[in-house]
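>>> show me how the following folds:
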Amino acid sequence: MRKILFILLIPFTAFAQQVVITGQVPDSPDSMDVFVYKPIGTYFNSQYKQGVGKVVEHQFKLVVPMTTPGFITIENKYVKSVLFVEPGDYVDIGISREGSQGKKLYKGNNAAGHELFNNDTPLSEDKMAGLMEQVLDTAKTVNGALWGMRNNLSELKSPLLVYLRKGDISVGFYENMVTTLESRLLYNFLNAVGNRLDKPETRKNKTLTEKEMKQLLQDVVDLFDPFDEKYTSSPEASQLVAKKCYLLKKGYLRGPAPMTDFWLHFEEPSRIYAYAPSALLEMNAGNEFMAYLNKRPSDKAKQSALLDYFRYNFPRSAYLPVVEELMTKKR
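Numbering: from 1, shown residues only. Predicted coordinates:
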C-alpha cells in the first residue's frame, strides 16, 4: 500500500512543481515566440528570458517549472501579462474585443486578481501616478499628505480583500499583491515629491515648504522603507530602490554613507545603487550586470573581470548561471 501511494504521489508532485499558462492571441501569426521571465532566486526578473513557446493557430501553451511562488512575465508582440503564480497554478489569458478594446481576460487560479493588475484599472501604474499627483496638489500639511497616501492605499486594497473573502484569490496571492500595490504606490509618491523638490517652480500647490517636503519624504520612508526586502520579489523592486537612492544622493533624505568602493567596478549609471544597503547588493549588482551585458556585448575583458568580481562577492548567487549564459550568447 505504501508503494502504491508513493507511485501515485509522483505525478502529483511533478505537476505541483510547475505552472501552466495558456493563451489566445488572435492578432499573432503562427510560429511567433512567446517568452517567459521567471524570478532569479527570489528576485523579480524582467531582463532574462528563461523559456519560450510558439503560437500555434493563434494559441500558445507554456509549462513553467516553479518550485516557489513568484512573479512571472509572459510576453510577445501581441500579449504581455505579469502574473503572481504559485506551484500548481493554471492561468489562461484571453483578449476581449467587445466593449473594451484589448482588455485581457483571465481564467484559472486567481483570475480576478490577474485582471485587476493587468488591465486599465485603479491599480494600474498610470492611475496610481495620477492619484499621488492629486494628493500632493491638494495637501495643506505633511500629515495631510501622509493621510492622503495611506487612504488611497487602503481604498486600493479593498477589491483584493473582497476577492479574498469570496475565495476568488488565494491568501498567498493577496499578500503578495498587497505588497506589490504598496511598492507601486510608494514609488509614485516618492517620485512625485522628488519632482517637486527638483523643480519647485512647477509645483501647483506651494503650501508645503521645501523643509516640509523633505520631512514628508522622511516620514513616508520611515513608514514604508523602499529598502525593505519584502519588496524585492515585486515588479517595482528595482525602480523603487533606485528612487530612494536618488533621493539620498540629492540630500532629500537622511542616510548612511554610500558604499562607493563596491560599485567602482560598475558603469557610472549603476553607481547610484551605492546608497542602498548591503542586504540588497546581490539583487542590485545582478540586475546591473545583466543590463550591462545587454548594452555592451563586445567588451569581453570587462565582462570577464566583472564576472570574477561578482563571483567573489556572491559565490552562490542565482545570478551566476544567468550572467554566464548571457556572456556565452554574446560571444
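>>> which stretches in the protein count as helices?
Using DSSP state H, the helices of the chain run over 2-16, 111-118, 125-138, 142-166, 171-198, 210-223, 237-249, 260-263, 281-295, 300-313, 319-330.
>>> looking at the ones you listed, which is nearest to T67?
helix 2-16 (9.1 Å; Cβ to Cβ). The way it works is simple: take the backbone N, C-alpha and C, and place the C-beta from them, glycine included.
>>> surely Y273 meets K244?
No. At 10.3 Å, Y273 does not count as touching K244 under the criterion of Cβ atoms under 8 Å.
>>> so where's the stretch 151-300 of the chain uncertain?
296-298 (pLDDT under 70).
>>> do that again at 50, thanks
Counting by pLDDT under 50, the stretch 151-300 of the chain shows no low-confidence range.
>>> of the helices of the chain, which is nearest I40?
helix 319-330 (5.7 Å).
>>> domain parsing for this protein?
Domain segmentation of the chain under automatic domain parsing yields 2-118, 120-255, 258-331.
>>> want to throw those into a markdown table with mean neighbour count?
Shown next, in a markdown table, are these (neighbours: other Cβ atoms under 10 Å):
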| stretch | mean neighbour count |
| --- | --- |
| domain 2-118 | 16 |
| domain 120-255 | 17 |
| domain 258-331 | 16 |
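>>> before we move on, the earlier item: quick one: the helices of the chain as CSV, columns for distance to N76 too.
CSV is the format used below for the helices of the chain (distance: least, Cβ to Cβ, whole Å):
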stretch, distance to N76
helix 2-16, 25
helix 111-118, 15
helix 125-138, 21
helix 142-166, 28
helix 171-198, 23
helix 210-223, 37
helix 237-249, 23
helix 260-263, 35
helix 281-295, 19
helix 300-313, 29
helix 319-330, 20
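>>> quick one, what contacts the most centrally placed residue in the chain?
Centroid check for the chain by Cα atoms, centre = their mean gives P235 as the closest residue, at 0.6 Å. Residues in contact with P235 (Cβ atoms under 8 Å, 6 or more residues apart in numbering) are 44, 46, 71, 82, 180, 184.
>>> thought S234 was touching the fifth one, still the case?
Yes. Between T180 and S234 there is a contact at 4.4 Å, judged by Cβ under 8 Å.
>>> overlap in contacts, these two.
Contacts common to T180 and S234, judged by Cβ under 8 Å, 6+ apart, are F71.
>>> so L156 sits against V178, correct?
No. Between L156 and V178 there is no contact under Cβ under 8 Å: 9.2 Å.
>>> quick revisit: just the contacts of P235 now: which is nearest D30?
Nearest to D30 among the contacts of P235 is V82, at 25.0 Å by Cβ to Cβ.
>>> for G113, see how far away the closest one is.
Per Cβ to Cβ, to the nearest Å, V82 is found 12 Å from G113.
>>> again with V64
Going from V64 to G113 by Cβ to Cβ gives 18 Å.
>>> what do you get for T260?
For T260, the distance to G113 - Cβ to Cβ - is 42 Å.
>>> identify the residues contacting stretch 272-291?
Here stretch 272-291 makes contact (Cβ under 8 Å, 6+ apart) with 40, 43, 47-48, 227, 229, 232, 237-238, 241-242, 244-246, 248-249, 255, 258-260, 262-263, 266-267, 270, 306-307, 310, 313-314, 317-319, 322-323, 326.
>>> just the endpoints, please. Distance across that stretch?
14 Å (Cα to Cα, to the nearest Å).
>>> next: stretch 313-323.
14 Å.
>>> please apply the same query to stretch 22-30.
Note: stretch 22-30 ends 15 Å apart using Cα to Cα.
>>> contacts for it next, please.
Around stretch 22-30, the neighbours that count as contacts under Cβ under 8 Å, 6+ apart are 34, 54-62, 74, 76-79, 90-95, 97.
>>> now do 10 Å
The list of residues contacting stretch 22-30 from outside it, by Cβ atoms under 10 Å, 6 or more residues apart in numbering, reads 32, 34, 53-63, 74, 76-79, 81, 90-95, 97, 102, 104-108.
>>> where does the prediction get shaky in the stretch 1-150 of the chain?
1-14, 99-100.
>>> can you rerun that using 90?
By pLDDT under 90, the low-scoring segments of the stretch 1-150 of the chain are 1-17, 25-28, 50-52, 77-79, 95-103, 120, 122-126.
>>> Q303 versus H265, what's the distance?
12 Å.
>>> same question, N176
Distance from N176 to Q303, by Cβ to Cβ: 34 Å.
>>> check K244 too.
For K244, the distance to Q303 equals 29 Å [Cβ to Cβ].
>>> I'd like the distance between K54 and K104.
20 Å.
>>> for S270, same thing?
34 Å.
>>> got it, and R311?
R311 sits 40 Å away from K104, going by Cβ to Cβ.
>>> before we move on, what about W263?
Taken as Cβ to Cβ, the span from W263 to K104 is 39 Å.
>>> try Y37
Applying Cβ to Cβ to Y37 and K104 gives a distance of 17 Å.
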